[in-house]
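In: got a structure for you, letters missing:
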């Protein structure tokens, strides 16, 4: 039983990411989408709890000029996004 | 020459207030409106620069259950809001 | 100073019913005459253009924003200008745009007017104050 | 596990053209069939109801969101449900609401349907996943 | 119809936008269908629980009045995230009656479907 | 017509919403009328200046392409708030060409009208 957390807000402008971090359980997954992918920039890297997988949506990184290679996070495409929603039990959106 | 800064975002959820603080000049005025009035709650009190007047819009405090008496800030009504826009040279909205 | 009334331009960027911006703008505009000022131009931009939706039908116990804008237009003789590019994209078309795009009927009516951003800049230059109400 | 396709409900809360939410929802929905899944219900709520504006007329070099929703309905046979209370307040009325409120013409058309929140709860119970796309 | 447990999380403040009202209406409809969702206030959502609110500018039925009526529909208690409350310098005695602290991570994990407002 | 100096401040990030495009179009129209506004990027607005962006999901003319054309309309330089850039761990060499740091408080004080996006 695990949860996929989607976050679409910039970590610099909104507190949604901090709230998300306090609401994850071990084994959960986090996917950064839309302006949420700015959390893949160096300074935004939060102290993620242990045992949580963080990824960023590749298409949203590319349009914003955040090269996947330069991020500390794994990126996935929309097919990977779909697969995550299927392999987890529920999805929570943070906005 | 002075500026009126309007802010309508909650200080807990958005960084607009921090950005505003770095953009005020001495003699400027700040008016908290809408969800911005939550900055009148104790913990949200920022370190305001010297020489800047901060007020909160009374109607928005009252609807939110923030009694003007319990805040550290002066509250003004809409007439006071209008007067501030007239007595300053320009208004900047932060959202 | 300020013994003479000022003219105001308001920029409204928030959608009606989901955000407080429209209400804040109206509350502000309606308070201007008591101090000798008036709103001369309201410019609707971003999701603020939805304030001009002519078929807006709120429940009777909620404020009718379209009627409040109309009343403001009547009382203060202000222009109600709607960014044409933002509006047409979102499905708000006046009589002319309706014909031009082959749609059956308008969804935006007088006193609201579709205009370009040039009118916003003109308002900023002409009037004494510009105040932005955003979502 | 997951050898069988899943059915999805999407809740779309973001306005078209001002927020990425609609685009993200469509991108996601269009990617479901390749993995054997399908979207069964899209529920539009909050400013998401504006996605159903029948006269939406974007510039030709921008995506036409209404047409993409229609294509999704065709391809995956999904319901396109619009919260009636949110829509009518904002000026989006189907044929029935148009008559009921004495307006001249509808601003929301099939395959979009005005429904209550009960349909959102039903979709949450019936389908395998609910994904929210918010502004 | 399979019955799932539903969690409604309210994360936005009242009055400035329609999120709180929309979250509460969603919860009420679930209750009316005989399956009351769990209702949790987190982040700025806890500000919706402040006692002493009045009808706001949006002019809608005060969310405070709606909240007080929820127990009639078996939506109780009003769960809140205690860290969100503390971060805002608020204490339980400033909230309306019927509020109880919750562990947000555990609550998410115990429900089949989560809706956010 | 009295001529006023206008400052356009872009404070939102690109791609996720239409704010950047709307701010740029406003600035362009001012320039077309013969009065190029000053254009300042602050907060998440500085992210609009990142080099290497592409057309985004909103499918609109890429804001990066619009930005690169602004100097043709005498809208230059692209002013940015240096503290916002630093807070995001970014440096000038990661931005497109034509960017210059500004003092935001001073810039506001020097203009007659300020428009925010």
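Out: Thanks, I have it. Note that the structure is predicted; figures quoted are calculated from it, not measured.
In: Give me the helices and strands touching the lengthiest helix in chain E, please.
Out: In chain E, assigned by DSSP state H, the helix with the most residues is helix E:19-32. Counting contacts by 3 or more C-beta pairs under 8 Å, 6 or more residues apart in numbering or on different chains; DSSP states H and E, helix E:19-32 packs against helix D:117-126, strand E:6-10, strand E:38-41, helix E:63-69. Using the backbone N, CA and C atoms, a C-beta is placed for each residue, glycine as well.
In: got CSV for these, with mean neighbour count, mean pLDDT and distance to chain A too?
Out: Output for the helices and strands packed on helix E:19-32, formatted as CSV (neighbours: other C-beta atoms under 10 Å in any protein chain shown; pLDDT from 0 to 100; distance: least, C-beta to the nearest C-beta, whole Å):
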stretch, mean neighbour count, mean pLDDT, distance to chain A
helix D:117-126, 20, 98, 11
strand E:6-10, 26, 98, 7
strand E:38-41, 24, 98, 10
helix E:63-69, 18, 85, 19
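In: TSV for these, including distance to residue E:28?
Out: Below are the helices and strands packed on helix E:19-32 laid out as TSV (distance: least, C-beta to C-beta, whole Å):
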stretch	distance to residue E:28
helix D:117-126	8
strand E:6-10	10
strand E:38-41	10
helix E:63-69	8
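In: how about the longest helix of chain E: buried residues?
Out: Going by neighbour count (16 or more other C-beta atoms under 10 Å in any protein chain shown), the buried part of helix E:19-32 is E:19-31.
In: can you state the direction angle for that helix and strand E:6-10?
Out: 160 degrees (axes from the mean of the first three to the mean of the last three C-alpha atoms, to 10 degrees).
In: chain center to helix E:19-32: distance?
Out: 9 Å (C-alpha atoms, centre = their mean, to the nearest Å).
In: again with stretch E:10-30
Out: Mean C-alpha position of stretch E:10-30 versus that of the full chain (C-alpha atoms, centre = their mean) differs by 7 Å.
In: and if you look at stretch A:61-80?
Out: 11 Å.
In: Over to stretch C:118-130?
Out: On C-alpha atoms, centre = their mean, the centre of stretch C:118-130 falls 14 Å from the chain's centre.
In: do it and chain F meet at all?
Out: Yes - Stretch C:118-130 is in contact with chain F by C-beta under 8 Å from any C-beta of the partner chain, via C:118, C:120-122, C:124-126, C:130.
In: of all the residues you listed, which two lie farthest apart?
Out: C:118 and C:130 (14.8 Å; C-beta to C-beta).
In: picking that back up, tabulate the buried residues of helix E:19-32 (a markdown table), appending pLDDT.
Out: Below are the buried residues of helix E:19-32 laid out as a markdown table (pLDDT from 0 to 100):
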| residue | pLDDT |
| --- | --- |
| E:19 | 97 |
| E:20 | 96 |
| E:21 | 95 |
| E:22 | 96 |
| E:23 | 97 |
| E:24 | 97 |
| E:25 | 96 |
| E:26 | 97 |
| E:27 | 97 |
| E:28 | 96 |
| E:29 | 97 |
| E:30 | 96 |
| E:31 | 96 |
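In: Nearest to residue B:40 among those residues?
Out: Nearest member of those to residue B:40, counting by C-beta to C-beta, is residue E:20, at 19.4 Å.
In: I figured that closest one hits residue E:9, correct?
Out: No - counting by C-beta atoms under 8 Å, residue E:20 stays clear of residue E:9, with 11.4 Å between them.
In: Common neighbours of the two, please.
Out: E:45, E:117 (C-beta atoms under 8 Å, 6 or more residues apart in numbering or on different chains).
In: what is the orientation angle of the longest helix of chain E with helix D:117-126?
Out: 70 degrees.
In: is the longest helix out of those in chain A anywhere near chain F?
Out: Longest helix of chain A, by residue count under DSSP H: helix A:78-87. No - against chain F, helix A:78-87 shows no contacts by C-beta under 8 Å from any C-beta, the least distance being 10.7 Å.
In: and the angle from the next helix or strand after that helix to strand E:6-10?
Out: Following helix A:78-87 in sequence order, the next helix or strand is strand A:90-94 (DSSP states H and E). With the same axes, to 10 degrees applied, the angle from strand A:90-94 to strand E:6-10 works out at 10 degrees.
In: Which positions in chain C make contact with chain E?
Out: C:17-20, C:23-24, C:27, C:61-63, C:135.
In: just curious, which of the residues you listed is nearest to residue D:92?
Out: Using C-beta to C-beta, these come closest to residue D:92 at residue C:17, 11.4 Å.
In: Neighbours of that closest one, how many?
Out: Here the count is done by other C-beta atoms under 10 Å in any protein chain shown, and residue C:17 has 26 residues near it.
In: OK, contacts around the closest residue to residue E:51 other than its chain neighbours?
Out: Nearest residue to residue E:51, sequence neighbours excluded (C-beta to C-beta, 6 or more residues apart in numbering or on different chains): residue E:96, at 4.8 Å. Listed by C-beta under 8 Å, 6+ apart, the contact set of residue E:96 reads E:49-51, E:64, E:67-68, E:78.
In: Mind putting the helices and strands packed on helix E:19-32 into a markdown table with distance to chain C?
Out: Listed next are the helices and strands packed on helix E:19-32 as a markdown table, based on distance: least, C-beta to the nearest C-beta, whole Å:
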| stretch | distance to chain C |
| --- | --- |
| helix D:117-126 | 15 |
| strand E:6-10 | 15 |
| strand E:38-41 | 19 |
| helix E:63-69 | 12 |
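In: do you know which of the ones you listed lies nearest chain B?
Out: Of all these, helix E:63-69 sits nearest to chain B, with 7.6 Å by C-beta to the nearest C-beta.
In: For chain A, which residues are neighbours of chain F?
Out: A:8, A:10, A:12-13, A:34-35, A:38, A:41-44, A:59-60, A:62-67.
In: and the residue of chain C nearest chain F?
Out: For chain C, C-beta to the nearest C-beta, closest residue to chain F: residue C:117, 4.1 Å.
In: Now do the same contact list for the spatially closest residue to that residue that is not a sequence neighbour.
Out: For residue C:117, ignoring the flanking residues on the chain, the nearest one in space by C-beta to C-beta, 6+ apart is residue F:29 at 4.1 Å. Applying C-beta under 8 Å, 6+ apart, we find residue F:29 in contact with C:116-118, C:120-121.
In: again with residue C:28
Out: B:78, B:81-82, C:10, C:131, C:133.
In: one more time with 7 Å, if that's ok
Out: B:78, B:81-82, C:131 (C-beta atoms under 7 Å, 6 or more residues apart in numbering or on different chains).
In: Which of those residues has the largest number of neighbours?
Out: Going by other C-beta under 10 Å, residue B:82 tops the contacts of residue C:28 with 25 neighbours.
In: Tell me who's in contact with that one.
Out: C:28, C:31-32, C:35, C:37.
In: Those residues of chain E touching chain D, which are they?
Out: Neighbours of chain D within chain E, by C-beta under 7 Å from any C-beta of the partner chain: E:1-4, E:6, E:18, E:22, E:25-26, E:29-30, E:33, E:113, E:115-116.
In: Report all helices and strands that the top helix by length along chain C contacts.
Out: In chain C, with assignment by DSSP H, the single longest helix is helix C:65-76. If contacts are counted by 3 or more C-beta pairs under 7 Å, 6 or more residues apart in numbering or on different chains; DSSP states H and E, helix C:65-76 sits against helix C:21-30, strand C:38-44.
In: Helix C:117-126 and the shortest one, what's the angle between them?
Out: So that's strand C:38-44. 150 degrees.
In: So which bits of strand C:38-44 are buried?
Out: C:38-44.
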